[in-house]
Structures are given as structure tokens and as C-alpha cells.
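In: Here is the input, now give the coordinates:
(4 chains)
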Protein chains: 2
Amino acid sequence: MQEKSPRPYHHGDLKRVVIETAQAMLQEEKGWQFTLREVARRAGVSHAAPYKHFPDKSALLAELATLGFDQLHREVDGTSGRHARASRTEFVAAAKAYIQFGTANPSLYRLMFSADVDKKAFRTLDEAAAGAFAVLTGILERGQDSGALKKQPVRAQAAATWALLHGFTLLAIDGQLLPDKVGAKPIDAVLTSLLEGLAS
Amino acid sequence: MQEKSPRPYHHGDLKRVVIETAQAMLQEEKGWQFTLREVARRAGVSHAAPYKHFPDKSALLAELATLGFDQLHREVDGTSGRHARASRTEFVAAAKAYIQFGTANPSLYRLMFSADVDKKAFRTLDEAAAGAFAVLTGILERGQDSGALKKQPVRAQAAATWALLHGFTLLAIDGQLLPDKVGAKPIDAVLTSLLEGLAS
DNA sequence: CCACGCATGTTGACACTGTCAACACATGTT
DNA sequence: AACATGTGTTGACAGTGTCAACATGCGTGG
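Out: Numbering: from 1, shown residues only, chains lettered A, B, ... in the order given. The predicted model follows:
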């Protein structure tokens, strides 16, 4: 039987394949502490080929994080869009979507906030992060407009909301929210508590 | 003039010097992404000498993180000790000490929660982290006992408190709490809000 | 259709890393 | 004094990230 021809010299779509290979490796035990050479091996190209698509390894990691923020943005926006006229429900739905995103994608979520991706160095990443964050401020603004939430600097409310969601997401990822220790519905409880502090 | 003798073959206190050198390097731009060889060079020994005191690089990083948790524990405990009979004041003082620790030691704080130190792999580290966390649960327990805080699973309250403090500490470290955006006293505001949710 | 420019591959090299084994030196103990 | 142990050094290894030079192929214009 005739052996299959090797891949033509020009891959044609190598950037996407490198990204997808890296995303797959992110799910493995080492998370994003893979090597670029191993990504290239799995993508079936030479060790230097990714350098034609990414200036360096940190650029690939930034790309992964950017895609993560974009996905987080879509998931949080998607839930809040369905509840746009009910501030409290909108808020809770968005918050749960946030935590759900983190627990469904623990390595990606951690990468997004890791020291290995520098938002100051990658403009697209910084914008993606800001965009995801803006969903929160949008929900809080609508809550204030509707009278459901206190009139306060919305960035302060957003900071408090993000801080709690982020910390809780990390606890959820680390398996620290055991029902026998924190009660049956820790996420509901914490969101209720947060809303008590934010509500008019 | 007689030249100074080189260091004797036996350093005598190399482990401590390696740790202190690494702590100093933690304050530099690369944070904990230094190399062990560079630590050894600055400590004035060969590249393999640290391997007589640490099984590998991650053990050194775990040691730094452990010392960080111990210091955090002392600082949070110290403030709450001075307010042990006034739950609300005790809580606020401890919370501010927590955030202050993080903003005073940004790289160390980030290392403590980084993927580069694995609490499951280092028992002393895990215990130090648990000890620091236990200060929070102790404060909350005393608050519940005194009637100042709701009777709830204390671990749930601790989870919510830690989540908020951790997230806020990261925002403070990243310079995201600008007064013109979040108001003049964001930390006071967020702690007040948190206490509203926790208080009886 | 051909030539050129560009995109995007490969090869090979470099400096460096983490880590290990074997050895060297010094200390402590019997 | 001899031995065991602790703790240094030297040298090596396998691997990394990244770069330069070259190789291949695609797209475009004449």
C-alpha cells in the first residue's frame, strides 16, 4: 500500500493548529508550563516554526489568555442578556456564569491571571480582559439605573464584585467549597451576601 | 596589602543565604522567575550547591511561599490580637492587615498563590497556608460567639471573606483601585459591604 | 508564464537552564 | 586516627527558548 504523503512544506494553517495544540496541552497536568518545542512536535512541525507566527512563547500564552477572556465575556454576557430587565436575576446569572467558566476551565482561568501573561505587554489581552470586566460594570450600571442597586461609584461596586467572584472561583477550582464545610449552596449564599451589600 | 581570603570551603549557613538571596531577587522585575543558577552565583557558590539544601527549584519557591504565609499569619494575627474583644473592629483590622501585606509584598503574595508552588506537594507550605487561613476563621468564630456575626457555617463566611480579600488584594497590587474610579476609601467601603452581609 | 517578493517552513547553532553523579573538603563522632 | 556524614565543587547531560541562514512555495504583477 502506498504510504501517505507527508504534510506539504507549507502547513497552511499552522497558527491555528499551534493555538489548538497549546489549548489541548493546557488541559494536561503541567497546565501552561508546557514547552514550545513540545507544542511544535505535536503540531508536526520543526521547533522553530511557531516563531513565524508568535514572536515568543509568552505571546502564545497571551493569545491563549486572550481567547479565554473572550470566551468568559461571551458566557457572562450571554446569561446576563437573557435577564436584562431583572437586575438581581441578571446579576446572579452572570456571577454564576463567571464561576462556572472558571471551574469548567481551571487551567485556562489560572493562566488568565498568571504572572506568565503580562497584560501591559499585550494590548489585545489587556483589551479582552477589560471587555470581560466591562460586562460586570454594565450589569451594575443597569442595576443602579433601575434602582435595584445603590448609587455608588460603579467601579467600586465592580471591584468588590470581581474580587469576590475571582476569589470564589479559585476556591471552587481548588475544591475548597465542600458542602459539609461551607454549606450546600455556597455560591448562592455568597452572592446573596454580596447583593445585600450592594442593594439599595 | 594582603588580599582577603576567599570564603572557606564550607559556607556554614548556605541554606539561609540562598533563601535570603532568593527573597531579594523576588523583589526584582522577574519576580520568582529567577534561575537557581543565578541565585547560586549571587550567593557566591557553585550552581549545584543549593541542591544540597533543596531537592529542587520548586522546593525553594515553596520555602519562600511558606515564609510568606507565616509572615501573613503573624501580621493578621497581630492586628486582630489587639482588638480581640471588638469583633467588628477586629475583623476590619485583620482584613486591612491582609490587604496591606499583599500590597507591601506583591511578588511574594503572587508567588504564594501561583501555580509554581504546589501546596499538595509541600506539607509545610500547606500547613502554613492553612494556619494563615485559620486566623480568619478564628475571628469569624469569635464574631459569631459574640453575636456580632450571623450564625452560619463559619467556613462559608471564611470562604467569602477570603475570596473578597484575595481579589481586592490583587486589584490593589495591580493598581486598579484608583480613587477617581473607585472612590477615596475602596477598602473601607468593601469591608463595610462585606460586614453588612455577614452581620447579624 | 516567469520572476520576484513575501510568507512560512527547516536546519543548525548558541547560551542557558535544571538536575545529577562523582569527587573534594571539612566536620563530627567513636 | 579512622570513618561517616554533611556540604561543597566540577563536569556532564538533556532539554529549553530563541535566532540566523537557508529552503520551499504561494501570490502578484508584468
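
In: Stretch A:36-50 close to chain B?
Out: No - interface with chain B: stretch A:36-50 contributes nothing (C-beta under 8 Å from any C-beta of the partner chain), its closest point being 16.0 Å away. For the C-beta atoms, the positions are set from N, CA and C on the backbone; glycine is no exception.

In: what about residue A:124, distance to residue A:76?
Out: 19 Å (C-beta to C-beta, to the nearest Å).

In: Out of these two, name the residue with the larger neighbour count.
Out: Neighbours were counted for residue A:124 and for residue A:76 using other C-beta atoms under 10 Å in any protein chain shown; residue A:76 has more, 25 against 14.

In: Need the pLDDT of the more buried one.
Out: You'll see residue A:76 listed with a pLDDT of 95.

In: and it, that one's in a helix?
Out: Yes - counting by DSSP: H, G, I helix; E, B strand; the rest coil, residue A:76 falls inside a helix.

In: Test my guess that it contacts residue A:102.
Out: No - judged on C-beta atoms under 8 Å, residue A:76 makes no contact with residue A:102 at a distance of 10.9 Å.

In: now for the helix or strand hosting residue A:180, which elements pack on it?
Out: Residue A:180 is part of helix A:179-182 when elements are defined by DSSP states H and E. When contacts are defined as 3 or more C-beta pairs under 8 Å, 6 or more residues apart in numbering or on different chains; DSSP states H and E, helix A:179-182 sits against helix B:154-173.

In: CA atoms only: put the helix it packs on into CSV for me.
Out: Only the C-alpha atoms of helix B:154-173 are listed here, as CSV (Å, rounded to 0.1, in the frame of the first residue of the first chain):
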residue,chain,number,x,y,z
VAL,B,154,-18.0,29.5,59.6
ARG,B,155,-16.2,28.0,56.7
ALA,B,156,-18.7,29.6,54.4
GLN,B,157,-18.1,33.0,55.9
ALA,B,158,-14.4,32.4,55.8
ALA,B,159,-14.6,31.5,52.2
ALA,B,160,-16.5,34.6,51.3
THR,B,161,-14.2,36.8,53.4
TRP,B,162,-11.0,35.3,51.9
ALA,B,163,-12.4,35.5,48.4
LEU,B,164,-13.1,39.2,48.7
LEU,B,165,-9.8,40.0,50.5
HIS,B,166,-7.8,38.0,48.0
GLY,B,167,-9.5,39.5,45.0
PHE,B,168,-9.2,43.0,46.4
THR,B,169,-5.5,42.5,47.3
LEU,B,170,-4.8,41.6,43.7
LEU,B,171,-6.7,44.7,42.5
ALA,B,172,-4.7,46.8,44.9
ILE,B,173,-1.4,45.2,43.8
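
In: Quickly check: that helix near chain A or not.
Out: Yes - residues of helix B:154-173 contacting chain A under C-beta under 8 Å from any C-beta: B:155-156, B:159-160, B:162-168, B:170-171.

In: CSV please, covering these and showing neighbour count.
Out: Shown next, in CSV, are the residues of helix B:154-173 next to chain A (neighbours: other C-beta atoms under 10 Å in any protein chain shown):
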residue, neighbour count
B:155, 20
B:156, 21
B:159, 27
B:160, 26
B:162, 21
B:163, 26
B:164, 29
B:165, 25
B:166, 22
B:167, 23
B:168, 29
B:170, 22
B:171, 24
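
In: Including pLDDT, could these go into CSV?
Out: Output for those, formatted as CSV (pLDDT from 0 to 100):
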residue, pLDDT
B:155, 91
B:156, 91
B:159, 94
B:160, 93
B:162, 96
B:163, 96
B:164, 95
B:165, 96
B:166, 97
B:167, 97
B:168, 95
B:170, 97
B:171, 96
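
In: Which of those residues sits closest to DNA strand C?
Out: DNA strand C lies nearest to residue B:170 out of these, by C-beta to the nearest atom of the strand, at 25.6 Å.

In: wouldn't that closest one be in contact with residue A:164 here?
Out: No - judged on C-beta under 8 Å, residue B:170 makes no contact with residue A:164 at a distance of 11.9 Å.

In: rewinding a little: quick one: average confidence on the helix holding residue A:180?
Out: On average, the pLDDT along helix A:179-182 is 89.

In: Over to stretch A:16-24?
Out: 97.

In: got the buried residues for it?
Out: By 16 or more other C-beta atoms under 10 Å in any protein chain shown, the buried positions in stretch A:16-24 come out as A:17-19, A:21-23.

In: From the residues you listed, which land in helices?
Out: Counted as lying in helices by DSSP state H, out of the buried residues of stretch A:16-24, are A:17-19, A:21-23.

In: can you name the two of those that are farthest apart?
Out: Greatest spatial distance in those: A:17 and A:23, 10.5 Å, computed using C-beta to C-beta.

In: domain assignment for chain A?
Out: Residue ranges for each domain of chain A read A:9-54, A:58-198, as given by automatic domain parsing.

In: What parts of chain A come near DNA strand D?
Out: Counting by C-beta under 7 Å from any atom of the strand, chain A comes close to DNA strand D at A:8-10, A:35-38, A:47-48, A:51, A:55-58.

In: how about a cut-off of 6 Å?
Out: Near DNA strand D, the residues belonging to chain A are A:8-10, A:35-38, A:47-48, A:51, A:56-57 when assessed by C-beta under 6 Å from any atom of the strand.
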